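>>> Predicted model and sequence below, questions to follow.
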Amino acid sequence: MTASEARALFLVAGPASSATPAVKAALRKLVRALPEPFRAQAEAASWSLVTDPQRWGSSRVEPRRPRFLDELQDAVIRGVQVRLGYVDRERTGTERTVHPLGIVAKGPSWYLVAHTGTGRRTFRIDRVSSVAPTAEPVHRPADFDLAESWRAIADEVERKRTPLEARAMCAPHATDVLRMAFGARLEVGATTTDGRIEIVIRGNDERKLAGELAGLVDYLEVTGPPRVRDHLAAIGNTLAERYGSDRAAGTHERT
């Protein structure tokens, strides 16, 4: 078995793999039988990639393999720094030396988590314009965990995308329904003395968030902010006027 074949084998034993726990355990045991020169890179391959299947917001972009994905993953596994060319969202091109720590597949998008001169950064791999591996080793924090680091990064991004917070109280049986409706935008808090649960639901527009919450009145009571409650009241008045008058007209016709 070549070194590249060993790395490929142990990619299916890592966090991004869909293999069963038994298969992952068996593959990890094979590490002990590998020649010493292959062992470190094979082990590195198992934690070099994390998959986060949830898309950002309502994105429907189709997945596409980025041009420099293989080169960056190879740098992560070999533990070498790279000279990275990058074009940001304002289309400004830069070049810098980074310490690749791991690759994340987030829905249809791929990201490089790396340490830089200004701290830990995340780069969208489809914006990478060039990759030049160096002979310098990556300085990897001893306690670094890719999956844990990505959770913190994703939580921070979601908070920036949805800065508005609506507070509410919900029935204990409603949390599963709310998780399906809001996903990572839902935060479940403490249980109150009356048995209800404190929750926070994030959004980026008061009117839109009120519209999402309006169909869930059987499950929760929104306690704030006042503007979201005002929009909910307006929605309720509109529904009552529109459909209440229709019901009255139908009763009158039957009479």
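On my side now, so go ahead. Numbering: from 1, shown residues only.

>>> From here on, just use CA atoms for contacts and neighbour counts.
OK.

>>> buried residues in stretch 196-204?
196-203 (16 or more other CA atoms under 10 Å).

>>> Which two of the residues you listed have the greatest separation?
Maximum pairwise distance in the buried residues of stretch 196-204, criterion CA to CA, is 22.2 Å, between R196 and G203.

>>> Nearest spatial neighbour of R229, chain-adjacent residues omitted?
Setting aside the residues directly before and after it, R229 is nearest to V222 in space (CA to CA, 6 or more residues apart in numbering), at 6.7 Å.

>>> For the stretch 51-200 of the chain, give me the ranges with low pLDDT.
Counting by pLDDT under 70, the stretch 51-200 of the chain contains low-confidence residues at 52-63.

>>> if we can go back for a sec, now the buried residues of stretch 196-204 in JSON lines, with distance to T118 and secondary structure?
Formatted as JSON lines, these follow (distance: CA to CA, whole Å; DSSP: H, G, I helix; E, B strand; the rest coil):
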{"residue": "R196", "distance to T118": "44", "secondary structure": "coil"}
{"residue": "I197", "distance to T118": "41", "secondary structure": "strand"}
{"residue": "E198", "distance to T118": "38", "secondary structure": "strand"}
{"residue": "I199", "distance to T118": "36", "secondary structure": "strand"}
{"residue": "V200", "distance to T118": "33", "secondary structure": "strand"}
{"residue": "I201", "distance to T118": "33", "secondary structure": "strand"}
{"residue": "R202", "distance to T118": "30", "secondary structure": "strand"}
{"residue": "G203", "distance to T118": "30", "secondary structure": "strand"}
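
>>> Out of those, which is nearest to V87?
Closest to V87, out of all of the buried residues of stretch 196-204 and judged by CA to CA, is G203, at 28.7 Å.

>>> my guess is D126 contacts Y86, does it?
No - here D126 lies out of contact with Y86, judged by CA atoms under 8 Å, at a distance of 9.2 Å.

>>> Who has more neighbours out of the two?
More neighbours sit around Y86 than around the other of D126 and Y86, counting by other CA atoms under 10 Å; the figures are 21 against 17.

>>> same for the helix or strand encompassing the residue nearest to R229, what does it pack against?
Secondary-structure element containing V222, defined by DSSP states H and E: strand 220-224. Strand 220-224 makes packing contacts with strand 164-170 when contacts are defined by 3 or more CA pairs under 8 Å, 6 or more residues apart in numbering; DSSP states H and E.

>>> Quick check: neighbours of the strand it packs on in the sheet, parallel or antiparallel?
strand 197-203 (antiparallel), strand 220-224 (antiparallel) (DSSP bridges).
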